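Undergrad: Any chance you can model this:
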Amino acid sequence: MAATPQNPAASAPRRKVSRHRGEGQWAMGHHTPLNGNEQFKKDDDGLNVRTRIETIYSKRGFDSIDPNDLRGRMRWWGLYTQRKPGIDGGKTAILEPEELDDKYFMLRVRIDGGRLTTQQLRVIGEISQEFARGSADITDRQNIQLHWIRIEDVPEIWNRLEAVGLSTTEACGDCPRVVIGSPVAGIAEDEIIDGTWAIDEIQKRYIGSKEFSNLPRKFKSAISGSPLLDVVHEINDIAFVGVEHPEHGPGFDLWVGGGLSTNPKIGVRLGAWVPLAEVPDVWAGVIGIFRDYGYRRLRNRARLKFLVADWGPEKFRQVLQDEYLERELVDGPAPAEPTSRWRDHVGVHRQQDGNFYVGFAPRVGRVDGATLAKIADLAEAHGSGRVRTTVEQKMIILDVVEDQVESLVEALQALDLTAKPSPFRRGTMACTGIEYCKLAIVETKQRGSSLIDELERRLPDFDEPLTINLNGCPNACARIQVADIGLKGQLVLDDNGEQVEGYQVHLGGALGLEAGFGRKVRGLKVTSEELPDYVERVLKRFQAEREDGERFAVWAARAGEEALS
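TA: Take a look at the predicted model:
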């Protein structure tokens, strides 16, 4: 057919017409897997891989592991392959997974609410020394991660952990991850409400259950009744924040849809007040929405935050009430202002029972197995059988009688675990980095530790609360967008035009009721070697230019680019 003015399409190239398959939402009838991750989850539930680890892989060795188990389902049991040594950051994005994989694993021990007995801590320390070359990192999700784990040793490690009530169940994977909680729940004098029961109920009812073991992506939860707002509730998929209802008393304000990575979003309030007894049911309702309505077509849009952004809080609350709870939620108040700019519980604090808890600061969360055992010994020597981890990569020893506090503080100091840290020691956080992580581009842990030393030497009188977060890649495991100074690892050019490790700088991020993401100054990148000079320069300008009582984040938002460069 010839083209005519009435039929211009006759000469146009034919377009392939494809039927849109939706976003892979189960509730919309889209059950066909639309990517490889969804396919392997449909083929076999991630929880089932434990049997193969115990009966096949641990006996036949690393080379016997099916690739979909190795880089997929084993995460449901807290196992990731770690980065092969000697591969520089420039190759992170161009090598195939099997080229990056070492034959060793990172193993994540799940610690819901950050709660540990000294016996449990000692067992983790012993496992670290016997099976993990002494490695141990406290994460900003209250877990402890070990490295250099051989597949042959995993069943024995599980036996030892489970003998003292610990596990690695769903510590990773597209499932409900650890439920973080106030590390001083049921202990602090100023607590609004104790959420411990709800954390335990969620763990008992749902963790390890196939009801929620196949989600679109990971699901992060937080529950805290602390007036410090101490669980970074703004960047979790779901968070229950302690509030006092004027009619119903203490309960929780419900937040959903927070998360960072390459598309950061602050969670939103649903305006609902939830009593303690209803928290597990509401949690199950929200995660049920994610399972059923969450986007499964594209991995980079498969977090709950994208669904919440598209629906809005009103529709989300309505679906939760109508389809999952089958009842109305009670309207409730927003959280009050945090009672302190530090939310890590570091230092000496009185408990409800008259005893004291002592929070202390390891360097950027990096400890080792021997040190964990020594912390357990110290706690017991000072009358305590309980320790806690925090979401700021810190630790706390509970239940210390008053006349034992000072000797405990001194003993911790001797282990370089200070309860009286500088702002730099207290506020610097680092992710795993290129040492072990296959996604990383630069080193972070040692860089963060050396930065602390340099800043303490150069700025000994600096006494403002300040957060400096170092991340080895764009995925924001160390929360760079919400730090005063956030450092995103990347390769940069030095003065000689050569590619070296460095960071893109984010300035003025914050959490709390003024939560927001840091400002990126155009072209502002620093090499790793230049980092101490840069941070010193910016902090001196802050000291010189700040208004009375002004926080760094507020100053950074108004400062000119010249002052920030």
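Undergrad: Now do the worst-scoring helix or strand of the chain on mean pLDDT: everything it contacts.
TA: Within the chain, no helix or strand scores below strand 519-527, which has a mean of 89 by mean pLDDT, DSSP states H and E. Residues outside strand 519-527 that contact it (C-beta atoms under 8 Å, 6 or more residues apart in numbering): 490, 492, 494, 500-508, 534, 556-557, 561, 564-565. All C-beta atoms are positioned from the backbone trio N, CA, C, and that covers glycine.
Undergrad: Show me the shaky parts of this structure.
TA: 1-21, 513 (pLDDT under 70).
Undergrad: what residue is smack in the middle of it?
TA: Nearest to the mean C-alpha position of the chain, counting by C-alpha atoms, centre = their mean, stands Arg141 at 4.3 Å.
Undergrad: Pretty sure that one sits against Val178.
TA: Yes. Between Arg141 and Val178 there is a contact at 5.5 Å, judged by C-beta atoms under 8 Å.
Undergrad: Would you indicate which residues of the least confident helix or strand of the chain are buried?
TA: Buried residues in strand 519-527, counting neighbours by 16 or more other C-beta atoms under 10 Å, are found at 519, 521, 524-527.
Undergrad: Which strand or helix spans Gly502?
TA: strand 499-507 (DSSP states H and E).
Undergrad: Who are the packing partners of that strand?
TA: strand 485-493, strand 519-527, helix 531-545 (3 or more C-beta pairs under 8 Å, 6 or more residues apart in numbering; DSSP states H and E).
Undergrad: Now stretch 436-450: buried residues?
TA: Of the residues in stretch 436-450, 436-445, 447-449 count as buried by neighbour count, 16+ other C-beta under 10 Å.
Undergrad: Kindly report the same for stretch 372-392.
TA: Result for stretch 372-392 [16+ other C-beta under 10 Å]: buried residues 372-376, 378-379, 382, 384, 386-392.
Undergrad: Pull up the distance across that stretch, start to finish.
TA: 17 Å (C-alpha to C-alpha, to the nearest Å).
Undergrad: Distance from that stretch to the middle of the chain?
TA: Distance, stretch centre to chain centre, for stretch 372-392: 22 Å (C-alpha atoms, centre = their mean, to the nearest Å).
Undergrad: ends of stretch 183-200, how far apart?
TA: 14 Å.
Undergrad: From Ile223, how far off is Val405?
TA: Computed as C-beta to C-beta, to the nearest Å, the Val405 to Ile223 distance reads 29 Å.
Undergrad: Settle it for me: which of those two has more neighbours?
TA: Ile223 (32 against 18; other C-beta atoms under 10 Å).
Undergrad: what's the most distant pair in the buried residues of stretch 372-392?
TA: Across the buried residues of stretch 372-392, no pair lies farther apart than His382 and Val391, at 24.5 Å, counting by C-beta to C-beta.
Undergrad: Okay, helices next: where are they in the stretch 251-400 of the chain?
TA: Using DSSP state H, counting those that start in this stretch, the helices of the stretch 251-400 of the chain run over residues 279-293, 304-311, 313-319, 369-381.
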